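Just need the structure, nothing else, for what follows:
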Amino acid sequence: MPEDNNPVISFDKVMVHYKDGAPILSDISLTFKKKSFSFITGASGAGKTTFMRLLYAGIKPSSGKLSVFGQVMISVK
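Okay, here's the model as predicted:
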């Protein structure tokens, strides 16, 4: 049986800005595959919490596309 290699979560050119226009996350494109292990590290203020809020749809991106199991959940141009 072939292994399912489709992404579980996919970010495509996702950007998040503060209300004043300053970028928090810029042009994030990545995928999380089934049975993969990932972790996020970075300095204080680097955008880790913002990234996690995007994952559970606590916030919407300023632009880009977020897909879960191939289904587009959020797409902003």
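
Which element, helix or strand, includes the residue nearest the centre of the chain?
When C-alpha atoms, centre = their mean is applied to the chain, the residue found nearest the centroid is residue 11 (4.3 Å). Using DSSP states H and E, residue 11 sits within strand 7-17.

Packing partners of that strand?
strand 23-33, helix 48-55, strand 63-68 (3 or more C-beta pairs under 8 Å, 6 or more residues apart in numbering; DSSP states H and E). Where C-beta positions appear, they are placed from N, C-alpha and C, glycine not excepted.

Please identify the most buried of the ones you listed.
Between the helices and strands packed on strand 7-17, strand 63-68 has the highest mean count of neighbours, a mean of 18, where neighbours are mean count of other C-beta atoms under 10 Å.

What is that strand packed up against?
Packing partners of strand 63-68 (3+ C-beta pairs under 8 Å, 6+ apart): strand 7-17, strand 71-76.

Please export the alpha-carbon coordinates of the first one; CSV is fine.
Looking back up the chat, that one is strand 7-17. Coordinates of each C-alpha in strand 7-17 appear next as CSV, following Å, rounded to 0.1, in the frame of the first residue of the first chain:
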residue,chain,number,x,y,z
PRO,A,7,0.1,17.6,3.0
VAL,A,8,-2.1,17.8,6.1
ILE,A,9,-1.5,21.5,6.5
SER,A,10,-0.2,23.8,3.9
PHE,A,11,0.8,27.5,3.9
ASP,A,12,1.2,29.2,0.6
LYS,A,13,2.8,32.7,0.6
VAL,A,14,1.1,33.6,3.9
MET,A,15,1.7,37.1,5.3
VAL,A,16,0.5,38.7,8.5
HIS,A,17,0.8,42.4,9.3
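
Which among the helices and strands packed on strand 7-17 is found nearest to residue 42?
Residue 42 sits nearest to helix 48-55 of all the helices and strands packed on strand 7-17, at 5.4 Å, using C-beta to C-beta.

the inter-axis angle of the closest one versus strand 23-33?
60 degrees (axes from the mean of the first three to the mean of the last three C-alpha atoms, to 10 degrees).

Relative to the strand holding residue 11, what are the paired strands and their orientations?
strand 23-33 (antiparallel), strand 63-68 (antiparallel) (DSSP bridges).
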